[in-house]
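Enquirer: what would the 3D arrangement of this be:
(chains A and B)
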Amino acid sequence: MKIVLKNLTKKFPNRNKKAGGDVIAVNNFDFEIPDGTLVGLLGPSGCGKSTTLNLISGLETPTEGSIFFGEDDVTKLPPENRGVGLVFQSYALYPHLTVFKNIQFPLENLRGSEKLTKEEMEKRVNEAAKLVQIDMLLERKPSELSGGQQQRVAIARALVKMPRVLLLDEPLSNLDARLRLQTREEIRRIQKETNITTVFVTHDQDEAMSISDIIVVMKDGMVQQIGKPQEVYDNPVNLFVAKFLGTPPINVFEGEVKENKLFINNEAVLDIKNVDNRKVFVAIRPEGFIPSSSGALTCNLGRLEVMGRDVSIVSTHPSSLNDTIRSIVNSESIVSENLKEVKFDLKPNKVYIFDHDTEERIIFEV
Amino acid sequence: MTKNNKKAYLYLIPAFLFLGAFMIYPLIDVFIYSFEEGYNFASGTSFGIGSYNYSYVMHDQYFLQALKNTFILVIITVPISTGLALLISVLLSSIKPLKDLFQTVYFLPYVTNTLAVGLVFMILFKKTAYSDGLINLLINFFGGESVDFIDGPYWAKMLVMCIYTIWIVMPFKILILTSALASVNPVYYKAAKVDGTSRFRIFYKITLPMISPMIFYLIITGFIGAFKAYSDEVALFGTDLNAAGMNTIVGYVYDMLYGNSGGYPSYASGAAIILFAIVLTITVINLLVSRKNTTY
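Expert: The predicted structure is shown next:
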């Protein structure tokens, strides 16, 4: 089931009545989620990603615009008639019911021709439980489960009614680091097995990049960029997207383009074509640095962090907007720690330049 | 460790002294009085030891009447007041405009003096040779005969008593239940809504179990409170409750001690111990039932 969002806008009245005006949580959202994909809505907190999810689920109604599931316009439909499965950040498992009864709950709501017999319900519950691998915990109460298990129960409860769309609100934020890695693989597997169009919300770019087919990067209610994770990472449209994606984060410098050369602090670091002379932001991915004794960019060496396969060189530079510059290099190209300075050559495809005013990407040729 | 324990006991002494002097000692004392026949406060003497006090009380018409009145009051008012309070709380928490006003209105009986309320009820329900109360005017309007609710037939007096009791105990229950309802995490309602749960089912399957500990608390305290009813009866029917046929167990105990027939601490103690036994039994049953039903 593909999901189409058309000019979707959601405004909330401002709490602070004196300030007046509305708070625009979602601003003119326009995109299509293809059938059977796993989409990650990604952005800092307060960017409207949860509101978008609530709009898709029907818990909120849009101020403007419309939502389609396939060819059906569901904009005016209440949540129960949309056929969505929603997993809440806090899971919202009913504490007084056993795992089995929690999963069975949505099925008991079915009325009329959809009404199921007890045996059918039991079969569906067992199938859902098996899918998320909690079939041995069915008699327990939610309080007797670990966070990861509760998460699985919540997913099973969302899946048991065979929804057209599965929505996950910050599904991993309540889990510890190790469980998070495991569970995101699990979500990926379940999504692939059921082939349900799935939208999930996260503020963790790592999470979104690792399992999504498509990521949607949002800021202040506006879509910044939509695309496959690798594409968005390799080709950020603006400085915000470039800064938001990637760990360690991208290194940003004040720079200038003069006579087809890119300057950082009066050092010509790269020859570039087709860009007018102007002030720019230069963003360099950590993997875009090549240490070299004759390198173009000179940084003050801080320390080395050896991580086995890679070495992370931590340095500083007067034009850098980050406190420290992190560059990840191959452990074979070791730099002596006794040096005061370290020089780098840059990989042109890991260097992005952005307009100093609009922060939009400027495409250059080498 | 032992040193700490000694210190702990030292700090507990004031509380122990107070509890011992004003709670435990009187309890034991009443228990002893109830077996001392014809105990006299002034001389501190009795005729002998035995169960005659209990036998007397159990055969006293006034006590049997009081027992009957108390049981009727308990059985009628506790379920109705709890049910009504639940209904009102649910309605209160589902409305937005004027919510604060209604909450205040429903809370008024709690802060109003019992005797003042009794007076208002008397005016509402009275019937004298010269004038009828508002309720009787209403009955007349619909073509019925005036009934003397304050000094008339037993059922009429019991009816007023029950209405009065329900009205006076409800504010506290509404207060407790509205806060219990407000403490249910709204995410459960959202989850249920997405799953297409009907409103009735949401209430029955989610809200009710989640506030069930509070409901059982109200039922238990409601039973205890109703068994100890006395001042409300006085407010409506005056101090001579035996004559009105509207006495309660606590009223009987009071009359035996200080009333016209006063001066019988042994009988009073016997009746008090019987009341204690009844309340204890009912509370234990309540707790057993609630432990089975509030499963979380």
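Enquirer: residues near the closest residue to A:Arg184 other than its chain neighbours, how many?
Expert: Counting by C-beta to C-beta, 6 or more residues apart in numbering or on different chains, A:Arg184 lies nearest to A:Ile211, which is 5.1 Å off, once chain neighbours are set aside. In this view, the C-beta of every residue, glycine as well, is placed from N, C-alpha and C. By the criterion of other C-beta atoms under 10 Å in any protein chain shown, A:Ile211 has 23 neighbours.
Enquirer: how much space between A:Ile211 and A:Val99?
Expert: 25 Å (C-beta to C-beta, to the nearest Å).
Enquirer: likewise for A:Arg285?
Expert: 45 Å.
Enquirer: which of those two has more neighbours?
Expert: A:Val99 (27 against 23).
Enquirer: tell me if I'm right that that one and A:Ser143 touch.
Expert: No - using C-beta atoms under 8 Å, A:Val99 is not in contact with A:Ser143, being 10.9 Å away.
Enquirer: show me where pLDDT drops low in chain A?
Expert: Residues of chain A meeting the criterion pLDDT under 70: A:17-20, A:331-335, A:337.
Enquirer: show me what residue of it gets nearest to chain B.
Expert: Here chain A gets closest to chain B at one residue, A:Glu80, 3.1 Å apart by C-beta to the nearest C-beta.
Enquirer: list the contacts for that residue?
Expert: Contacts of A:Glu80 were listed using C-beta atoms under 8 Å, 6 or more residues apart in numbering or on different chains, and they are A:Gly58, A:Asn109, B:Lys193, B:Val194, B:Asp195, B:Gly196, B:Thr197.
Enquirer: a helix runs through it, doesn't it?
Expert: Yes - assignment of A:Glu80 by DSSP: H, G, I helix; E, B strand; the rest coil places it within a helix.
Enquirer: how near is it to B:Ser131?
Expert: Where B:Ser131 is concerned, A:Glu80 sits at a distance of 58 Å (C-beta to C-beta).
Enquirer: over to A:Phe281?
Expert: Counting by C-beta to C-beta - A:Phe281 and B:Ser131 are separated by 91 Å.
Enquirer: these two: which has the busier surroundings?
Expert: The neighbour count for A:Phe281 versus B:Ser131, taken as other C-beta under 10 Å, is higher for A:Phe281 (21 against 10).
Enquirer: show me the contacts for A:Leu77.
Expert: Contacts of A:Leu77 (C-beta under 8 Å, 6+ apart): A:Gly58.
Enquirer: for the closest residue in space to B:Ser231 that isn't next to it in sequence, the count of nearby residues, please.
Expert: Closest residue to B:Ser231 apart from its sequence neighbours, by C-beta to C-beta, 6+ apart: B:Thr114 at 5.4 Å. Using other C-beta under 10 Å, B:Thr114 has 15 other residues around it.
Enquirer: distance of A:Val282 relative to A:Asn265?
Expert: 10 Å.
Enquirer: which neighbours do these two have in common?
Expert: In contact with both A:Val282 and A:Asn265: A:Phe253, A:Glu254, using C-beta under 8 Å, 6+ apart.
Enquirer: so for those two, which sits in the more crowded spot?
Expert: A:Val282 (25 against 16).
Enquirer: which strands and helices lie in contact with the helix or strand that one falls within?
Expert: According to DSSP states H and E, A:Val282 maps onto strand A:278-284. Here strand A:278-284 touches helix A:239-244, strand A:251-258, strand A:261-264, strand A:351-355, going by 3 or more C-beta pairs under 8 Å, 6 or more residues apart in numbering or on different chains; DSSP states H and E.
Enquirer: buried stuff in it?
Expert: A:Val280, A:Phe281, A:Val282, A:Ala283, A:Ile284 (16 or more other C-beta atoms under 10 Å in any protein chain shown).
Enquirer: could you pull up phi and psi at the residue lying closest to A:Phe364 once chain neighbours are set aside?
Expert: Ranked by C-beta to C-beta, 6+ apart and with sequence neighbours excluded, the top spatial neighbour of A:Phe364 is A:Ile272, at 4.1 Å. Backbone geometry at A:Ile272, expressed as degrees, to the nearest 10, gives phi -130, psi 150.
Enquirer: measure how buried A:Asn251 is and give me the count.
Expert: The burial count for A:Asn251: 23, using other C-beta under 10 Å.
Enquirer: contacts only, for it.
Expert: Contacts of A:Asn251 (C-beta under 8 Å, 6+ apart): A:Ala283, A:Ile284, A:Arg285, A:Pro286, A:Ser320, A:Asn322, A:Ile325, A:Arg326, A:Ser327.
Enquirer: need the contact list for A:Val275.
Expert: A:Val257, A:Asn260, A:Ile353, A:Ile362, A:Phe364.
Enquirer: just to be sure, it is in a strand?
Expert: No - using three-state DSSP, the secondary structure at A:Val275 is coil, not a strand.
Enquirer: ok, back up a step: the residue nearest to A:Phe364 reaches A:Glu259, doesn't it?
Expert: No - taking contacts as C-beta under 8 Å, A:Ile272 lies outside contact range of A:Glu259: 10.3 Å.
Enquirer: comparing these two, which residue is more hemmed in?
Expert: Higher neighbour count among A:Ile272 and A:Glu259: A:Ile272, with 18 against 8, using other C-beta under 10 Å.
Enquirer: let's see the pLDDT reported for B:Val169.
Expert: Turning to B:Val169, the model gives it a pLDDT of 91.
Enquirer: so how far is chain A from it?
Expert: B:Val169 sits 27 Å away from chain A, going by C-beta to the nearest C-beta, to the nearest Å.
Enquirer: and the helix or strand that contains B:Leu119, what does it pack against?
Expert: B:Leu119 is located in helix B:114-125, with elements delineated by DSSP H and E. Contact here means 3+ C-beta pairs under 8 Å, 6+ apart; on that basis helix B:114-125 packs against helix B:134-141, helix B:154-182, helix B:231-237.
Enquirer: what's the most distant pair in the contacts of A:Asn251?
Expert: A:Arg285 and A:Ser320 (14.1 Å; C-beta to C-beta).
Enquirer: give me the next element, helix or strand, following the helix or strand hosting A:Gln191.
Expert: Assigned by DSSP H and E, A:Gln191 belongs to helix A:177-194. Sequence-wise, the next helix or strand downstream of helix A:177-194 (DSSP H and E) is strand A:197-202.
Enquirer: I figured A:Glu365 was touching A:Ile272, is that so?
Expert: Yes - at 6.9 Å, A:Glu365 and A:Ile272 qualify as touching, with contact defined as C-beta under 8 Å.
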